[in-house]
Each structure stands twice: as structure tokens, then as C-alpha cells.
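Asker: I would like to see how this sequence folds:
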Amino acid sequence: MRKNTHSTPEANLTRRERQIMDVVFARGEASAREIWEQVPDAPTYSTIRTLLAVLEEKGHLARRTEGKALVYRPKRQREKAAASALQRLLATFFQGSVEQAVAGLLELEDDLSDEELARIGRLVADARKSKKP
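Answerer: Numbering: from 1, shown residues only. Next up is the predicted model:
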């Protein structure tokens, strides 16, 4: 079992801030109202706006004006944020074990095609080759 203790920018976000970032990443960009409508069990609209300002101040979001609305977009690449989210998922649910996470995913997906299974096999083989002795 391997644990990654590397701190990521997302590690310092509150649950609400992460929910907001999830919405912005999923949409690419969004107004405060659009975010408010998408956040699960959302707090008040005013709270969302305050949290957006905090996320902007922390350097996670950039904003632009579109008509009367402010539109927010992530300042970090989606791939880097996805890697950070995966690290949190591994730490939270799989005790840092990639093996347990992959096994869990494979158990969920009972309709993988032969092509998908072959691609997964190649990824495992490539990881084996790139691993240092």
C-alpha cells in the first residue's frame, strides 16, 4: 500500500469550496447562479458568491464579466485537478492503494469490451516497463 503525502492546492479547500470547483471543472466556466444551482444542498446564493471570491483570492479561479454576470473558470488545468482528486479519493476510500481502487473500478464495470480490457492490460504492461528496479 502506497500513500501519497504530497500536498496539493485542492487539499486546502473546504468541502463547499471543492463542490464549487467540481461544478466549475465540469462546466468549464460558470456564473455564480449556475454554480449555486449545481452545488448539492447549496447554501445561500450570497454564500456561494463569497466562496467564489475566496477561491479567486486563493488563486483557484479567474473571472470575467459577461453582461451583468461574473463568469468563473478554473486557473488550473483539468488534468492536474483530476490527478489531485484521484489522490484524495485514493487516500479517503482506498488507504492510498491504487490496486484496491483499480479492483473496485473493475468490479463496478461488468460490461467492459475486449478492446477496453486490452487497453487496460497495455497500461499495466507499460507501467511495469517504466517502473524502476
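Asker: any low-confidence regions in the chain?
Answerer: Counting by pLDDT under 70, the low-confidence segments of the chain come to 1-11, 133.
Asker: For it, which segments count as strands?
Answerer: Taking DSSP state E to define them, one finds strands in the chain at 30-31, 61-66, 69-74.
Asker: and those strands as a markdown table, adding distance to E109 and mean neighbour count?
Answerer: C-beta here means a position set from N, CA and C on the backbone, and glycine is covered the same way. Shown next, in a markdown table, are these (distance: least, C-beta to C-beta, whole Å; neighbours: other C-beta atoms under 10 Å):
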| stretch | distance to E109 | mean neighbour count |
| --- | --- | --- |
| strand 30-31 | 30 | 20 |
| strand 61-66 | 33 | 14 |
| strand 69-74 | 28 | 18 |
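Asker: got those strands as CSV, with distance to K129 columns?
Answerer: Converted to CSV, those look like this (distance: least, C-beta to C-beta, whole Å):
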stretch, distance to K129
strand 30-31, 41
strand 61-66, 39
strand 69-74, 33
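Asker: Out of these, which is closest to T14?
Answerer: Ranking the strands of the chain by proximity to T14 (C-beta to C-beta) places strand 61-66 first, at 14.3 Å.
Asker: relative to strand 69-74, how tilted is the closest one?
Answerer: Following axes from the mean of the first three to the mean of the last three C-alpha atoms, to 10 degrees, one obtains 150 degrees for the angle between strand 61-66 and strand 69-74.
Asker: Would you give the sheet partners of strand 61-66, along with the direction of each?
Answerer: Applying DSSP bridges, strand 61-66 is found paired with strand 69-74 (antiparallel).
Asker: that older thread, so which of the strands of the chain is nearest K80?
Answerer: From those, taking C-beta to C-beta, the stretch that ends up closest is strand 69-74, at 9.6 Å.
Asker: and for the closest one, what are the contacting residues?
Answerer: Residues outside strand 69-74 that contact it (C-beta atoms under 8 Å, 6 or more residues apart in numbering) are 21, 24-25, 28-33, 35, 52, 55-56, 60-65, 81.
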